[in-house]
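> only the shape, not the letters, is given here:
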Ligand SMILES: Nc1ncnc2c1ncn2[C@@H]1O[C@H](COP(=O)(O)OP(=O)(O)O)[C@@H](O)[C@H]1O
Ligand SMILES: Nc1ncnc2c1ncn2[C@@H]1O[C@H](COP(=O)(O)OP(=O)(O)O)[C@@H](O)[C@H]1O
Ligand SMILES: [Mg+2]
Ligand SMILES: [Mg+2]
Ligand SMILES: [Mg+2]
Ligand SMILES: [Mg+2]
């Protein structure tokens, strides 16, 4: 394993220190591994807290700032943070208008955020939790822990963040977060595995021409293995899977996301195919993101997330945002 | 080789199509592989043209837009574009205030841009060329083709772009571009090689714990091979090399750049070390960039670029920019 | 059995987890996200430190502190689950300074109940429950029948180990492994494996004290 | 030698470059950026298309069109250098419909001069010049001595090949390979190798026509 780190056990702490150093507008609670907006808490503003395992950068810490998250808790690599961290984050951003927890649907995240919400409630902070579960590679059924939360998390954090920034009450912010999640679907593909710093070797092995379809963001094996094919065909596979679950119609927000080790050049090649497919199906990409937004360490691969826009969602998407990972309008 | 492409020979064209599709504010001259600002030519504004081999995304096409480049020419992967492309770009952005060519110092880029400048001159367009050569890993001497142009190119394009946007004349825009180059130094390190789509296997081989010091951005072998060490030590090696060539003092603009396959998490770990080193040497990082800005296909590795700021340079750095790869202030 | 026995149990757990860390991580790499060994090792290392900081006086206090520490140090799915289990067990032991086998059986029942309440896993879902449920049942039965500590703990560990092995052929319906659907079959569940280690350590600690 | 001979030369070059494409790229991978084979293959493929589109009538026109096409299709260092070389050679041949060995020698001298003017490389810098300079000199000398076409072209190719081999032991002072400093020693220069192929194709085309 070759990584730009000091020691596997320090990678999360060191990366958070670097993020805070590079972005003085952020505050770092190093002990709790919580990244906080410099001006938090803002009186009367709903606080947005998210978090999860590390290794998905820029998610979540890179989305803390004006118009998006107020705080993010960083767990160990691929491990949900603990309730203490979530409580610390919740207290740090509580401006007496309540706090929204944005939780990706994994057992660990759900259980830890649930305990944190109880602790916050003990301290008299009103918390509403919204669970993101957009990954169509997982059947949502009695036979699974439910769909994973992946790319839609970025959209939920941006759009709910914009509404909170505008001063909306907790119930409305939670409602729009749920709406974004319900209108979003994702599917991911791995060309290579990823290597956890603490493990030192790839989580799974892929042969020279093998790819893994329907992966999550933790180097979990996916739904099936197949042979590498053209970007055109990969876009087809992924969008067929998404389209089977949600009609591709109207104005769409589309993210072509890299898993961390895939060059931007390849993501643009894929985006051209994604746009061709979607327009071929009579829909329109009204807004898009192409780049590394929710990653899986050094994995080569991509995910596509599609959200059905409404005028409100488009307006909130376009609203100014100023975070390390997403910035426009200011 | 596993890549998100359709065919090795189409990768440049397909990636440009994707870039243009994702950013409707850009215009694409597909035949000449030139990315152009939608509102070009702007009467009375100096036109900024750059370009080079592909495989360095977001450079150069991702830096076309308000406050930065007016056009970028994309060559084949790692191959300088040809004079016809550069001429087409120059004509497309000429607003009768002259055109600046920003050229990275490689024999191929120099020779092709030189021919393009002659052709533009034949057509009555005034062209001034500025050569970027900031890579301290190469001795600038009789024994080399001179220092390579690497990370400083991003800073030259941003800062000269801001001055051109402000309506400055060609001579001033060229002067500030040269000033940025003269005040900048870079050094790069590879943890892995990169694979050209047309070649299908890595340009060089590195053993499990080997790294290559002093690499460029084309998968050229570097100055020496050594064993992987901590981010702390790597920051030291790189900044020692830069500091030997230019004193690290005063306010600095620092970029910790990923080579394309390195996760953001690791770049932040490195940034923390870079900041510690620089502050330990009595200088201050006044502005910074951390991310993938000038890459080498799927290579894992990084480069550090340091620029000695002046008040003018800081002001121009802070000026609004709106491109796919750099955006703030609007 | 006094606080020392329970502290010894936790110490044994920490030792065996450290020793089996990579094995547990490999099991998790196959059907999860390759962190189970690191998670538990981090957690029990912190628990040892907490127990040393100020050693609790009663068995119940030892387990409660263990549970609280796991919850605030482990994260993931196993942190809240094991943390809740130890807290419930501790609560069930109350403030008795010495507990008997019956009290221990009741504590294990409480731990299992806590895990199922939180995680909603049933036997057969390919989780730690597939070890804890049969092992707890076997132990309670043996204790009720008045078997010796050695025999009852033997029944506990035997049931735990066969429960862990049984997860190999199951398809996961809970946790991360469930995303794999049928591809989860053929691998031992990491949490089941760690539960078997934890119960094995319990037997060793108690028998060593006799 | 008429336009057909020169078209045959270019056709032979295109064939041998396509055949040696990967070899040239491997040479460039060792001390450059692994694109020399692809660059020249792209260029000469385009040249063939251009020559077919409207076949030039004179040797000079064939070479001029070849040079212009290389400049607008190859890029990199070799595009402008080879492109300029062919344009200069074409200009030197003027509009004669048939040229002799002396004219050819002069054209090769002009090509070399163009490359050195543009790239400023001297012999020993580990570039294509280390093939073109000795080969051109040997050819001019043989022609001046009135040797037969076969002998003069033999001298050309022999000098070219030993020139290419000689680059192995040189340290690059020009081009991308110069960044490697001493590490460039021990590898044949890709441009030198392609120049030797180009001159070999010249001999084959002329002798085949006789
Ligand atoms: N709902 C659940 N109920 C009981 N145990 C569960 C549940 N979900 C997961 N587990 C257990 O947790 C183990 C995984 O723990 P760990 O790897 O530490 O957490 P994570 O899955 O968050 O990475 C699984 O092997 C399984 O035994
Ligand atoms: N200044 C120069 N003068 C003459 N030949 C040169 C010069 N610089 C480079 N070359 C030749 O160009 C060859 C490399 O061509 P190529 O790989 O196509 O371009 P690039 O180096 O831009 O990738 C080198 O092997 C060398 O022979
Ligand atoms: Mg985990
Ligand atoms: Mg090249
Ligand atoms: Mg796990
Ligand atoms: Mg080359």
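Received the coordinates, thanks. Quantities reported herein were computed from a predicted structural model and do not represent experimental measurements. Ligands and ions are numbered 1, 2, ... in the order given.
> C-alpha only now, for contacts and for neighbours.
Fine.
> neighbours of the closest residue to residue C:127 other than its chain neighbours, how many?
Closest residue to residue C:127 apart from its sequence neighbours, by Cα to Cα, 6 or more residues apart in numbering or on different chains: residue C:192 at 5.6 Å. For residue C:192, the count of nearby residues is 26 (other Cα atoms under 10 Å in any protein chain shown).
> what do you get for residue A:28?
When neighbours are counted by other Cα under 10 Å, residue A:28 comes out with 21.
> tell me where chain C has helices.
Under the criterion DSSP state H, helices of chain C are mapped to C:3-31, C:36-53, C:59-73, C:78-93, C:101-119, C:129-144, C:149-166, C:190-209.
> could I get the ones you listed as a markdown table with mean pLDDT?
Below are the helices of chain C laid out as a markdown table (pLDDT from 0 to 100):
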| stretch | mean pLDDT |
| --- | --- |
| helix C:3-31 | 97 |
| helix C:36-53 | 97 |
| helix C:59-73 | 97 |
| helix C:78-93 | 97 |
| helix C:101-119 | 98 |
| helix C:129-144 | 98 |
| helix C:149-166 | 98 |
| helix C:190-209 | 98 |
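> mean neighbour count, the ones you listed: which tops it?
Comparing the helices of chain C by mean neighbour count (mean count of other Cα atoms under 10 Å in any protein chain shown), helix C:78-93 ranks first with a mean of 27.
> could you give the angle of that helix to helix C:101-119?
Helix C:78-93 runs at 140 degrees relative to helix C:101-119, counting by axes from the mean of the first three to the mean of the last three Cα atoms, to 10 degrees.
> tell me what helix C:78-93 is packed against?
Using 3 or more Cα pairs under 8 Å, 6 or more residues apart in numbering or on different chains; DSSP states H and E, the elements in contact with helix C:78-93 are helix A:107-122, helix C:36-53, helix C:59-73, helix C:101-119.
> pretty sure the residue nearest to residue C:127 sits against residue C:135.
No: using Cα atoms under 8 Å, residue C:192 is not in contact with residue C:135; the gap is 11.3 Å.
> list residues touching both of those two?
Common neighbours of residue C:192 and residue C:135, using Cα atoms under 8 Å, 6 or more residues apart in numbering or on different chains, are residue C:163.
> my read is residue A:100 is in a helix, agree?
No: Residue A:100 sits outside any helix when classified using DSSP: H, G, I helix; E, B strand; the rest coil, being strand.
> which residues are in contact with it?
For residue A:100, the contacting residues are A:46-49, A:127-130, A:170, A:173-174, by Cα under 8 Å, 6+ apart.
> got it, and residue A:224?
A:212-214.
> next one: residue C:113
Neighbours of residue C:113 in contact, by Cα under 8 Å, 6+ apart: residue C:85.
> equivalent analysis for residue A:38, please.
Residue A:38 neighbours (Cα under 8 Å, 6+ apart): A:25-27, A:65.
> how confident was the prediction at it?
pLDDT, residue A:38: 97.
> and it, how far from residue C:4?
Per Cα to Cα, to the nearest Å, residue A:38 is found 48 Å from residue C:4.
> residue C:168 too?
With Cα to Cα as the criterion, residue C:168 and residue C:4 are 35 Å apart.
> sec struct for the residue most central in space within chain A, please.
When Cα atoms, centre = their mean is applied to chain A, the residue found nearest the centroid is residue A:153 (3.8 Å). Assigned state for residue A:153: helix (three-state reduction, three-state DSSP).
> now residue A:279
Relying on three-state DSSP, one would call residue A:279 helix.
> let me see the contact set for it.
By Cα under 8 Å, 6+ apart, the neighbours of residue A:279 are residue A:285.
> and it, how far is that from residue B:165?
Residue A:279 is 35 Å from residue B:165, by Cα to Cα.
> now do residue C:170
Taking Cα to Cα, one finds residue C:170 at 65 Å from residue B:165.
> more neighbours: the two, which one.
residue B:165 (23 against 19).
> check contacts around that one.
Per Cα under 8 Å, 6+ apart, neighbours of residue B:165: B:45, B:66-68.
> hang on, residue A:254 in a strand?
Yes: checked against three-state DSSP, residue A:254 lies within a strand.
> and the pLDDT for it?
Per the predicted model, pLDDT is 98 at residue A:254.
> for residue 68, which non-adjacent residue is spatially closest?
Just going to use chain A. residue A:161 (3.9 Å).
> ah, no, chain C please
residue C:83 (6.0 Å).
> my guess is the one you found contacts residue C:73, does it?
No: counting by Cα under 8 Å, residue C:83 does not reach residue C:73; the two are 9.5 Å apart.
> on that earlier part again, is it true that the residue nearest to residue A:68 lies in a helix?
Yes: applying three-state DSSP, one finds residue A:161 inside a helix.
> still on that earlier bit, pull the most distant pair out of the contacts of residue A:38.
A:27 and A:65 (10.2 Å; Cα to Cα).
> now do the shared contacts for the two.
A:36-38.
> residues touching the closest residue to residue A:245 other than its chain neighbours, list them.
Spatial nearest neighbour of residue A:245, chain neighbours left out: residue A:136 (7.2 Å); criterion: Cα to Cα, 6+ apart. Shown in contact with residue A:136 (Cα under 8 Å, 6+ apart): A:147, A:185-187, A:241-242, A:245.
> let me have the helices of chain C in TSV, extended by distance to residue D:26.
Below are these laid out as TSV (distance: least, Cα to Cα, whole Å):
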stretch	distance to residue D:26
helix C:3-31	38
helix C:36-53	44
helix C:59-73	53
helix C:78-93	52
helix C:101-119	57
helix C:129-144	57
helix C:149-166	53
helix C:190-209	47
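> to residue A:97, which of the ones you listed lies closest?
Taking the helices of chain C one by one with Cα to Cα, helix C:59-73 is closest: 26.6 Å.
> briefly note if that closest one comes near ligand 1.
No: residues of helix C:59-73 are not located near ligand 1 by Cα under 6 Å from any ligand atom, the shortest gap being 11.1 Å.
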